[in-house]
Structures are given as C-alpha cells and as structure tokens.
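1. Dropping the sequence and predicted coords here.
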Amino acid sequence: MPKPRSDMRKIREVLRLRDEHGASQRQIVAACRLPRTTVRDYLRRLKAAGLTYAGVADWSDDALEAQLFPRTPAPAGRSEPDWAYVARELGRRGVTLKLLWREHLAAVPDGYRYTQFVARFREWQGAHKEPRLLRAHTPGEMVEIDYAGMTLSVGVGAAARPAQVFVAVLPYAGYLFADVTWSQQSADWLASHVRLFEHLGGVPSRLVPDNLKVGVTHASFYDPAINAGYHELARHYATAVVPT
C-alpha cells in the first residue's frame with residue numbers, strides 16, 4: 001500500500017473550508033498557505049470525485065488518497081516496483097534511476113524497460129509531491145558552484161588516482177558544467193573557474209559557491225570572508241562572489 005500523503009490533512013481542510021464556509025479559492029489559498037495551483041488542483045479532483053467533507057469524515061488517508069490520486073494499474077502479471085523505496089534510494093550518494101532500474105530488472109526479469117520505469121516513477125512522484133518554493137532566475141545572472149560529493153577514479157588498477165569533480169550550474173537554463181582536477185586546492189579551484197568562463201564564453205554577474213574553504217574563508221550570512229585568490233579572480237573578471 002502506498003505511503004499516505006503528508007498533505008491529506010490539508011486536503012481535508014480545503015474540503016472543510018469549501019463545504020462548511022463556502023470559501024473561495026483565494027480564501028482557501030490564504031487560509032491553508034498553499035500555492036494557488038495546488039488548491040486549484042485539489043478542488044478539481046474533489047469535484048470530479050464528488051466528495052464532501054461530511055462524506056469523507058470517516059475515511060482513512062489511504063482511502064482518500066486512492067480516490068483523489070488513483071494510480072494506473074500495472075500490466076497484468078507484472079510486479080510494480082516499490083516507488084517509495086526508489087525515491088528514498090535516490091537520496092543516497094551515487095544512486096541513479098538507471099542503477100535502481102537495473103536492480104528492478106535483476107529481481108523481475110520481465111519488468112519495465114528503462115523508459116517505462118522512469119515514466120511510472122515520475123507519475124508516482126507527481127502524485128506524492130510536496131509543495132515547494134520556486135525561485136525565479138534571470139538568464140546569465142548567476143552560476144552555482146561546488147565540488148561533487150564523489151571523486152572520479154582516473155587510471156587503471158594500482159595506477160588509478162582519485163580526482164575531484166568541480167561542478168557549476170546555470171540555474172535558469174539548468175545547464176551543467178563539470179571539470180576534473182587532482183585536488184581541491186586553490187590553484188585547481190581557480191583554474192576550473194577560468195575553464196568554466198572560457199566554456200561559457202562569458203562571465204555571470206554572480207558566482208554562488210557553497211561555503212567550502214577554498215572559496216570562502218569564513219562563512220557568514222551577513223559578512224562572509226572570501227578567499228584572497230578567489231576575490232582577485234572575481235575582480236579580474238568583474239564579477240561578484242555571493243556564497244550560499
């Protein structure tokens with residue numbers, strides 16, 4: 001049985017406000033502190049299902065979820081993956097959907113092909129998503145920078161060496177740049193930035209690094225201390241360092 005949605009309580013409150021107080025969509029948005037699109041979706045589903053607040057008073061969260069967010073049944077004879085497990089595993093370092101799909105296929109040889117596996121997981125995610133704060137970005141305004149949590153092995157056998165993976169993302173476009181160096185020392189950190197700018201063919205107005213020591217000597221919400229070399233690089237390229 002799927003895990004009960006954590007927002008079932010809010011859905012019941014939307015239903016109560018609609019039925020017992022005749023609240024408008026705008027009033028429900030304000031009272032429940034939910035995005036307007038979420039409230040609109042809940043109201044649409046409740047209306048389509050013909051549900052009333054009094055009618056679902058004795059329903060369990062699972063029963064209410066099943067009525068409002070029905071899942072497409074798996075093809076006959078095919079075992080449905082535990083999508084909650086897939087979602088949890090994706091939060092672990094180094095775990096990808098392709099890796100989890102291979103696990104699924106090893107356990108169920110006639111299971112979903114990769115594209116079906118991904119599509120059905122995204123469908124499950126859509127039915128279980130939590131409201132999130134969306135940030136508005138401007139093209140080219142900023143680039144978010146950090147090192148990947150995992151290293152990359154370069155070489156074969158005993159000669160293999162771990163290398164660091166520098167990662168930069170343009171949040172508006174979702175464009176990803178990666179650079180591999182032997183260390184996270186200042187020289188490699190700065191050189192990766194230079195290669196990033198050369199690759200982009202320009203320099204964003206803000207560099208937003210995580211608070212790693214090579215970039216930020218002292219992390220502070222109000223007055224972070226930027227590494228001297230990093231400060232000079234920013235001055236040279238006429239950009240600003242604004243740590244997270």
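-> Now that the structure is in, tell me what you want to look at.

2. Who does the longest strand anywhere in the chain pair with, and is each partner parallel or antiparallel?
-> Criterion DSSP state E: the longest strand present in the chain is strand 161-170. Each strand paired with strand 161-170, and its direction, by DSSP bridges: strand 142-147 (antiparallel), strand 152-154 (antiparallel), strand 175-181 (antiparallel).

3. Worst mean pLDDT among those strands?
-> Of all the strands paired with strand 161-170, strand 152-154 carries the lowest average pLDDT, namely a mean of 85.

4. Buried residues in that strand, which are they?
-> For strand 152-154, the buried set under the neighbour-count rule, 16 or more other Cβ atoms under 10 Å, is empty. Backbone N, C-alpha and C define where each C-beta goes, glycine included.

5. got it, and stretch 140-147?
-> Met142, Val143, Glu144, Ile145, Asp146, Tyr147.

6. related to what we said a few turns ago, buried sites along the longest strand of the chain?
-> Neighbour-count burial for strand 161-170 [16+ other Cβ under 10 Å]: Ala163, Gln164, Val165, Phe166, Val167, Ala168, Val169, Leu170.

7. before we move on, back to that, can I get the strands paired with strand 161-170 in CSV including distance to Leu196?
-> Below are the strands paired with strand 161-170 laid out as CSV (distance: least, Cβ to Cβ, whole Å):
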stretch, distance to Leu196
strand 142-147, 7
strand 152-154, 17
strand 175-181, 5
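
8. Relative to Arg235, which of those strands is closest?
-> strand 142-147 (16.8 Å; Cβ to Cβ).

9. so Thr239 makes contact with Ser205?
-> Yes - contact criterion Cβ atoms under 8 Å: Thr239 and Ser205 qualify, at 6.0 Å.

10. who has more neighbours, those two?
-> Using other Cβ atoms under 10 Å as the criterion, Thr239 and Ser205 rank with Thr239 on top: 18 against 13.

11. all strands in the protein, in order from the N-terminus.
-> 142-147, 152-154, 161-170, 175-181, 206-209, 216-218, 225-226, 240-241.

12. What lies in contact with the fourth one?
-> If I follow you right, that is strand 175-181. 148, 152, 154, 163-169, 188-189, 191-192, 195-196, 199-200 (Cβ atoms under 8 Å, 6 or more residues apart in numbering).
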